[in-house]
Each structure stands twice: as structure tokens, then as C-alpha cells.
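>>> sequence isn't available, so here's the structure alone:
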Ligand SMILES: Cc1cc2nc3c(=O)[nH]c(=O)nc-3n(C[C@H](O)[C@H](O)[C@H](O)COP(=O)(O)O)c2cc1C
């Protein structure tokens, strides 16, 4: 089952963690879990969240697997008192599981470490259940790579047309996606690909006489834009 999910060591997967609150009502919230290898996963959970309190009290949780963005949204932002999800009992742990998701990973808490803002929790995987035909677990990296690639194609075109300010805005977004990929999916094909994109953007910039430093690009684009604004003003006054 674990092989079917093809979990990669060091990669953070986005799941929805379901737990029981002290009054036995089910609670769920999106939480990233990092696969550590050998049936272990780690989560970093902010202090003060219901999920953290519930896990520390019952020492277990279920990671529900889904790629439904609405389910992430509803369970993160708690629209209504209880998000409209249905639960059933788990097989091996004292935590509920969400019905109608792609799969479940039942988790037993091994140890926890308190930081100033969040706690780091290590779990043992007790069992994995997958819906037939499902072999994927949501990870931000491939989506971030698609977004960065879309922007990269635009950046190339914008730089070629000297539209530096628009290019810069997209370069900043690509840098953001690079940060995301390197954090959630280090040493993977996605991390290699985003580095290639960064390299290409550097080459395109160089080709337009711009430095590698985005600040230099900003100064450059200001100069260009000031120049074009001044020349527009000049040409307007010369019409008078
Ligand atoms: C995709 C996604 C991933 C998230 N990952 C985490 C995480 O790893 N750790 C965390 O503390 N919060 C994470 N959050 C935020 C929590 O889900 C959010 O704060 C939630 O409201 C906590 O609910 P609770 O108080 O019922 O536990 C994530 C949110 C989203 C949308």
C-alpha cells in the first residue's frame, strides 16, 4: 500500500488531519505531513490549534488523503461551526476518518517537541487505506512548478519586449514558488526543474543587460520607465 502511494522521504504532503475533541466531536484541519521513511511521518502544528490539543490528548490522528481544494478550504477556515464533512470510525486509532476521501493514513503519536510557535510531532504509520485506483497524495510542489512554468513563459516574452516591471512582478512569483518547492519537496525532480527555470530567467535577464539581482532589475526598469515617461512628456510638449 505504502509503495502504491510512492511517498518520498523528506517531502511534505498536504492532508486533512481528523481527531476527536475532548467532548468526542470530530475535528478536521489541513496539515502537512513530512514522510521520514520507514513508516514514520512528522507534522509541525501551530500551538493553540484544536488539532494539536486533540493529538496531544489522544496521541493519535488520521491523515485523510484528498486533492479536493474545497475540502481544504472548508476545514481550514471552519465555515459554519462544523465543516460539512461526514465521519466514520477508524480501524486502529482513536480518531475519526472523513468519509468520501481518497484514502486514510492512521497515525499513532510517538513523541512531540514543543517550539515557541509550533510543536513538532513524530508519528508511526499504523495503517494506510486507499480507495481503488488512487495512487496520489496531494503535494504543493507539482502545482507550484506548473504555475512557475506558466509565469516563466510570460517573463521571457515580457523581457524581450522591455516590459521590465511586469516581468519583475512575475519573477517575484516564480521566486515564491521556488521557495515553496524547495521547502515541501527538496531533492526531487520538481526542485531540479525550478532551479532550471531560475537559471533560464537569469540568462534572459542577462540577455537584456539586467543583473541577477531583482533590485538591480527594479532600478533598471525605473530608469527605463522614467526615460519613456520623460520622452513622452517631451514629445507632448513639443506638440504644443
Ligand atoms: C493546505 C494547508 C496546509 C496546512 N498545513 C498546516 C500545518 O502543517 N501546520 C499547521 O499548524 N497548520 C496548517 N494549516 C493551517 C490549519 O489548517 C488551520 O490553522 C486550521 O484552522 C487549524 O484548525 P484547528 O484549530 O481545528 O486545528 C494548513 C492549512 C492549509 C490550507
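Nice, I can see it. Remember, it's a predicted structure, so these values are computed and weren't measured experimentally.

>>> mind listing what the residue most central in space within the chain touches?
Geometric centre of the chain, nearest residue: residue 140, 3.9 Å, by C-alpha atoms, centre = their mean. Shown in contact with residue 140 (C-beta atoms under 8 Å, 6 or more residues apart in numbering): 12, 14, 180, 181, 184, 185. C-beta: built from backbone N, CA, C; applies to glycine.

>>> again with residue 186
So residue 186 contacts 10, 11 (C-beta under 8 Å, 6+ apart).

>>> torsion angles phi and psi at it?
Torsion angles at residue 186 (phi, psi; degrees, to the nearest 10) stand at phi -70, psi 150.

>>> how near is it to the ligand?
16 Å (C-beta to the nearest ligand atom, to the nearest Å).

>>> same check, this time on residue 168
Counting by C-beta to the nearest ligand atom, the gap from residue 168 to the ligand is 28 Å.

>>> thinking again about what came up before, most surrounded residue in the contacts of residue 140?
The residue in the contacts of residue 140 with the most neighbours, by other C-beta atoms under 10 Å, is residue 181 (26 neighbours).

>>> part of a helix, is that one?
Yes - the assignment for residue 181 by DSSP: H, G, I helix; E, B strand; the rest coil puts it in a helix.

>>> that one against residue 189, yeah?
No - using C-beta atoms under 8 Å, residue 181 makes no contact with residue 189, being 10.3 Å away.

>>> leaving out the residues flanking it, which one is nearest to residue 112?
The shortest distance from residue 112 to any residue other than its chain neighbours is 4.8 Å, reached at residue 121 (C-beta to C-beta, 6 or more residues apart in numbering).

>>> in three-state terms, label that neighbour for me.
Per three-state DSSP, residue 121 ends up strand.

>>> identify the residues contacting stretch 20-34?
Applying C-beta under 8 Å, 6+ apart, the external contacts of stretch 20-34 come out as 10-19, 41-45, 49-51, 53-54, 57-58, 63-64, 72, 75-76, 82-83, 85, 87, 94-96, 98, 105, 123, 184.

>>> what's near enough to touch residue 182?
Counting by C-beta under 8 Å, 6+ apart, residue 182 touches 191, 194.

>>> try it again at 6 Å.
Shown in contact with residue 182 (C-beta atoms under 6 Å, 6 or more residues apart in numbering): residue 191.

>>> do the one 3 residues further on as well
Residue 185 makes contact with 11, 141, 191, according to C-beta under 6 Å, 6+ apart.

>>> tell me the pLDDT at the residue nearest to residue 112?
As predicted, residue 121 sits at a pLDDT of 98.

>>> look at it and say how many residues are nearby.
For residue 121, using other C-beta under 10 Å, the count is 24.

>>> what's across from it in the sheet?
Assessed by DSSP bridges, residue 121 has beta-bridge partners residue 43, residue 112.

>>> roughly how far does it sit from residue 24?
21 Å (C-beta to C-beta, to the nearest Å).

>>> try residue 96
Distance, residue 96 to residue 24, by C-beta to C-beta: 9 Å.

>>> residue 193 too?
Relative to residue 24, and taking C-beta to C-beta, residue 193 is found at 46 Å.

>>> which one's more surrounded, these two?
The residue with more neighbours, out of residue 193 and residue 24, is residue 193; 16 against 8, by other C-beta under 10 Å.

>>> and the more buried one, how far from residue 10?
17 Å.

>>> using the record's domain definitions, break this protein down for me.
With domains defined by automatic domain parsing, the chain comprises 2-130, 140-226.

>>> contact partners for residue 61?
Residue 61 sits next to 17, 19, 55, 95, 107 when contact means C-beta under 6 Å, 6+ apart.

>>> burial count for the nearest residue to the last one once chain neighbours are set aside?
By the measure of C-beta to C-beta, 6+ apart, the closest residue to residue 107 outside its immediate chain neighbours is residue 123, 4.0 Å from it. Applying other C-beta under 10 Å, we find 26 other residues in the vicinity of residue 123.

>>> this completes my enquiry, with thanks.
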